[in-house]
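> Pasting a predicted model and its sequence here:
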Amino acid sequence: MFLRRNIGCTYCATLLYILYSVNLGDTQLLINVKNQGGDVLQETISANVTEDVVTLEFQRSDGTLVTQLVDFRNGVQILKALVLGEEERGQSQYQVMCFVCHFQKGEFISSDAMAKLRQKNPGTIRTPEEDRGRDNHTMDLFVDVARSGVISRHIASLCAEARDATYTRQLDVTQWAAQPGASLSSLLSAVRPYPAASDAKAPGRCLETADPWAPCHCRLELCIGWYPCSLKYCRGKTAASSGASYRCGIKTCRKCSLFAYYVREKQLCLWDE
């Protein structure tokens, strides 16, 4: 687990992307994105139509590597964060955390649509059309990575370095259980609750915990600064088209997620101060 730290368009002529009518298989796009702080980050977005998966990855300006995987087949989103240690505070190693949540259809374009996108101007710096705000997630369960295949087969490979730091919520388990063919008992076998408090007082927020070795609840915000959140449709204006609609571009969005989760010691949450 550890290692040393060493836009949208109005007219067809201004489309950022061209949607092809044939399935070209797995694709990868490199997108230059300006974040709210003015820094330009490079996102890598890839689609695997066979697996029905889209993966987005980028490195924040503080060095944190963020990976988002959307498993459309199982209604699962995995957000993985690799956070570098703070050498000036005695940390020469990195941490890896995975946050596994239920994914609603319509929050991201499909893997098939993603595989048909081609970037027209690769050097352009992108900004999203819509800011979808921030979702707050209070994680109350650990995921047993070794048994996580009942949730998504992609958890085991993506979160292999986060075996003790992969989280989900009871709410998400309930939503997955409601899907056709799902088994609540199988899903529950892949998760476990946080350890019970050793005294009458449950661990508080790491920000308010003085003892660096005491358990506490950490907070970490992960923002996806640019992603294709939906398709755009235009209506034909010629007599032959009879006003029929056709795909003519994409809408792009920004969204943040704030995760609150248990850590066994404050030393694992030094940024939440």
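Nice, thanks for sending it over.

> Okay, now the unreliable bits of the stretch 51-200 of the chain?
87-92, 197-200 (pLDDT under 70).

> Now Arg60: closest residue in space, sequence neighbours ignored.
Computed as C-beta to C-beta, 6 or more residues apart in numbering, the closest residue to Arg60 that is not its neighbour in sequence is Val66, at 6.4 Å. Heads up, the C-betas are built off the backbone N, CA and C, glycines and all.

> you'd agree that neighbour is up against Lys80?
Yes: with contact taken as C-beta atoms under 8 Å, Val66 and Lys80 are classed as touching, separated by 7.1 Å.

> Go ahead and list the helix or strand containing the residue nearest to Arg60.
Secondary structure from DSSP states H and E places Val66 in strand 65-71.

> Sheet-wise, list the partners of the next helix or strand after that strand with their directions.
Next in sequence after strand 65-71, counting helices and strands by DSSP H and E, comes strand 76-83. Sheet pairing of strand 76-83 (DSSP bridges) gives strand 65-71 (antiparallel), strand 95-102 (antiparallel).

> Now do the same contact list for the residue nearest to Arg60.
Val66 makes contact with Glu57, Phe58, Gln59, Arg60, Leu79, Lys80, Ala81, Leu82, Leu222, Ile224, according to C-beta atoms under 8 Å, 6 or more residues apart in numbering.

> make it 10 Å
41, 43, 56-60, 79-83, 222-225 (C-beta atoms under 10 Å, 6 or more residues apart in numbering).

> Now name the helix or strand holding Ile45.
Using DSSP H and E, the element containing Ile45 is strand 40-48.

> Tell me which residues of whatever helix or strand comes next after that strand come out buried.
On the C-terminal side of strand 40-48, the closest following helix or strand by DSSP H and E is strand 53-59. Buried positions in strand 53-59, judged by neighbour count with 16 or more other C-beta atoms under 10 Å: Val53, Val54, Thr55, Leu56, Phe58.

> Serialize these to TSV and add fields for distance to Ile109.
Below are the buried residues of strand 53-59 laid out as TSV (distance: C-beta to C-beta, whole Å):
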residue	distance to Ile109
Val53	13
Val54	8
Thr55	13
Leu56	12
Phe58	18
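
> Which one of those is nearest to Ser245?
Val54 (23.9 Å; C-beta to C-beta).

> related to what we said a few turns ago, so how do I select the buried members of the contacts of Val66 in ChimeraX?
Typed into ChimeraX, the line below selects the buried ones among the contacts of Val66, using 16+ other C-beta under 10 Å:
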select :41,43,56,58,60,79,80,81,82,83,222,224,225
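
> From the contacts of Val66, pick the one nearest Thr209.
Set against Thr209, the nearest of the contacts of Val66 by C-beta to C-beta is Val83 (18.3 Å).

> give the contact list for that closest one.
Per C-beta under 10 Å, 6+ apart, neighbours of Val83: 60, 62-66, 91, 94-97, 220, 268-271.

> Same question for Asp211.
If you count contacts by C-beta under 10 Å, 6+ apart, then Asp211 has Glu265, Lys266, Gln267 around it.

> Please tell me how far it sits from Gln95.
Going from Asp211 to Gln95 by C-beta to C-beta, to the nearest Å gives 19 Å.

> can you check Ser186 too?
Distance, Ser186 to Gln95, using C-beta to C-beta: 29 Å.

> So the two - more neighbours on which side?
More crowded of Ser186 and Gln95, by other C-beta atoms under 10 Å: Gln95, with 22 against 14.

> Would you mind measuring from the spatially closest residue to that one that is not a sequence neighbour to Gln104?
The spatial neighbour of Gln95 that comes closest, neighbours along the chain excluded (C-beta to C-beta, 6+ apart), is Val83 at 4.9 Å. Here Val83 is placed at a distance of 27 Å from Gln104 (C-beta to C-beta).
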